[in-house]
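**Student:** Quick one, what's the 3D model for this:
(2 chains)
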Amino acid sequence: MVGDQLPERRFFRMARYAMVINLDKCIGCNTCAVACKVENHTGPDVFWCSVEYKEVGIYPLVSLQFLPRSCAHCANPPCVEVCPTGASFQRQDGIVLINYDKCIGCKYCIIACPYGSRYYNKEIKGYFGVELTPYEKLGYKQHQKGAVEKCNFCIHRVEKGEVPACVEACPVEARYFGDLDDPSSAVSRLLVSKHAFQLLPEVGASPNLYYLRG
Amino acid sequence: MVSTQIALERQRVYGWLITIDTFLGGTGSGAFLISFILALLNRNEPITKIGTLLGPLLVLSGTFFLLADISSKARVYRIVANPLSWMSRGTLILAAFVIFGLAYSLPSFALSGWTESNLGKGIGIIAAIFAVLVSVYPGFLFGRVKRIPFWSVANLPLLFFLSSCCCGIAILLLIGPLATSALGESSLQQLRIAGILLIAGQLLVLGTLLETARHGSIATAESSRLLKTPMFIIGVIIAGTVVPLGLLSYSVIISNVIITNVSTSIASLLLLIGGLLLRQGIIRAGVYLPLQ
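**Tutor:** Residues are numbered from 1 along each chain as shown, chains lettered A, B, ... in the order given. Down below sits the predicted model:
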């Protein structure tokens, strides 16, 4: 899978997918956020992938730090534990998905998510007025009004051996995606060799979204 | 495109619908519990029958507000599918309380001696246990959200329990004097004294919660700051807790029945308003841990 795994190994073990983002490379261009929207046809108020910025330093020595955010597909996902209907579930490869047909829209998972990665699809609305464009009509079929949704690591691409759209689109190659159980994968090598950290480790979710800095 | 400056953010998912649901659930469970205890003490005045009936009905009415907050009502039967989720557990607890509560209460209107019978008492005890669970489970539901440290505290379920008992006593004291023979004077005095103790306990736990939050993390300090609104300070602390405490204490020592009943009724009304605003304040003050 994703260029790091020999084809025959897929039949003998399940992968453990993770994403690593090098914050030293990230320039905050939001290409990943746009690529995600194009790939997954998300609505105007829904951002499966987003970038936050923070000013650090004191004038005149001020700089911006960027933090790309998306679902962390945690090893201990609080969203799966709190979901009363079982709509949120985790695959064996670690990817956390939502079965929209089971979701009742209680929004407990939105509050429980430590990273604010979930969105409630209150209504289907387009970017260009009340009438949906043909492109939106086609793409919005993937979503369901009244359900909660989030990044799914572009599971439709991963199952074809591709990387998520945000990883492919990043112009500075700040994002890496791969199998943590494969020691030769880029994510495994990066996590061993460089200083990596997770957001909010104290909440105990064990996110599979790592950041590199310094 | 979203490029936002990172700042402390409070939760905006849960609002008045969940507030009213937890308030009605707490008041109903408290009313049942207090009435059942009175009945066990062989105080079988009509108010105990009314209280044990009112409890499950209030909890049931609260669930309509919970349902209003759920978007896919056709699939709501799935809400009990995950026993690990406090929302599933809470739904089962609410359902069990309503069933056992009504099973205890309804026969008492038709069958004489029902509440003294072993079967009646047995069902009542089960209903009372579920009443306690109904009053505390919102604390566990909110406490499971580790991203909001203000909610993830051990004394939140206790605060909800004490508030539920206070609101339960309040509604009984409100109804009691309206039907003058419904609650004997000695029972009214017992309820007032119990109310005083519970209000004092609630004040202590609330004070501990707020003080701990003030000196805690940046998120809990912000939660504490968000509670410093006129609605909370005046509505919950002053009018909803301190004034009823004073009025009930005054009612206990004074002998004039009319003044006692009036001050008790005012205290009860303020307690109920305070209970509602307490829940609204706690839900509104849920501030997320910053990511950076």
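**Student:** What residues does the residue in chain B that chain A sits nearest to make contact with?
**Tutor:** With CB to the nearest CB as the measure, residue B:71 is the residue of chain B nearest to chain A, at 3.1 Å. Using the backbone N, CA and C atoms, a C-beta is placed for each residue, glycine as well. Residues in contact with residue B:71 (CB atoms under 8 Å, 6 or more residues apart in numbering or on different chains) are A:104-105, A:120, A:122, A:145-147.
**Student:** Which one (most neighbours) among these?
**Tutor:** For these, the largest number of neighbours (other CB atoms under 10 Å in any protein chain shown) sits with residue A:104, at 26 neighbours.
**Student:** For chain A, give the residue positioned nearest to chain B.
**Tutor:** As assessed by CB to the nearest CB, chain B sits closest to residue A:105 within chain A, at 3.1 Å.
**Student:** was I right about that residue contacting residue A:149?
**Tutor:** No: the criterion here is CB atoms under 8 Å, and residue A:105 misses it with residue A:149 at 10.7 Å.
**Student:** Among the contacts of residue B:71, which lie within helices?
**Tutor:** Among those, none falls in helices (DSSP state H).
**Student:** Could you dump the residues you listed into JSON lines with pLDDT and distance to residue A:138 added?
**Tutor:** Output for these, formatted as JSON lines (pLDDT from 0 to 100; distance: CB to CB, whole Å):
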{"residue": "A:104", "pLDDT": "95", "distance to residue A:138": "27"}
{"residue": "A:105", "pLDDT": "94", "distance to residue A:138": "24"}
{"residue": "A:120", "pLDDT": "94", "distance to residue A:138": "23"}
{"residue": "A:122", "pLDDT": "88", "distance to residue A:138": "21"}
{"residue": "A:145", "pLDDT": "91", "distance to residue A:138": "16"}
{"residue": "A:146", "pLDDT": "91", "distance to residue A:138": "20"}
{"residue": "A:147", "pLDDT": "94", "distance to residue A:138": "19"}
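**Student:** biggest separation within those residues, which pair?
**Tutor:** Greatest spatial distance in the contacts of residue B:71: A:104 and A:122, 14.0 Å, computed using CB to CB.
**Student:** which stretches of chain A form strands?
**Tutor:** A:17-22, A:50-58, A:61-69, A:88-90, A:96-98, A:119-120, A:148-149, A:175-179, A:196-197, A:209-212 (DSSP state E).
**Student:** and the last one, is it in reach of chain B?
**Tutor:** No: Strand A:209-212 lies out of reach of chain B by CB under 8 Å from any CB of the partner chain, never closer than 10.1 Å.
**Student:** Give me the contacts around that strand.
**Tutor:** Strand A:209-212 is contacted by residues A:18-24, A:67, A:70-73, A:115, A:187, A:190-191, A:194-199 when judged by CB under 8 Å, 6+ apart.
**Student:** pull the longest helix from the chain.
**Tutor:** Picked chain A for this. In chain A, with assignment by DSSP H, the single longest helix is helix A:31-40.
**Student:** wrong one, I was asking about chain B
**Tutor:** The longest helix of chain B (DSSP H) is helix B:185-214.
**Student:** buried sites along that one?
**Tutor:** For helix B:185-214, the neighbour count (16 or more other CB atoms under 10 Å in any protein chain shown) marks B:187-188, B:190-192, B:194-196, B:198-199, B:201-203, B:205-206, B:209-210, B:213 as buried.
**Student:** if we can go back for a sec, tell me the secondary structure of the residue of chain B closest to chain A, please.
**Tutor:** Under the three-state scheme (DSSP: H, G, I helix; E, B strand; the rest coil), residue B:71 adopts coil.
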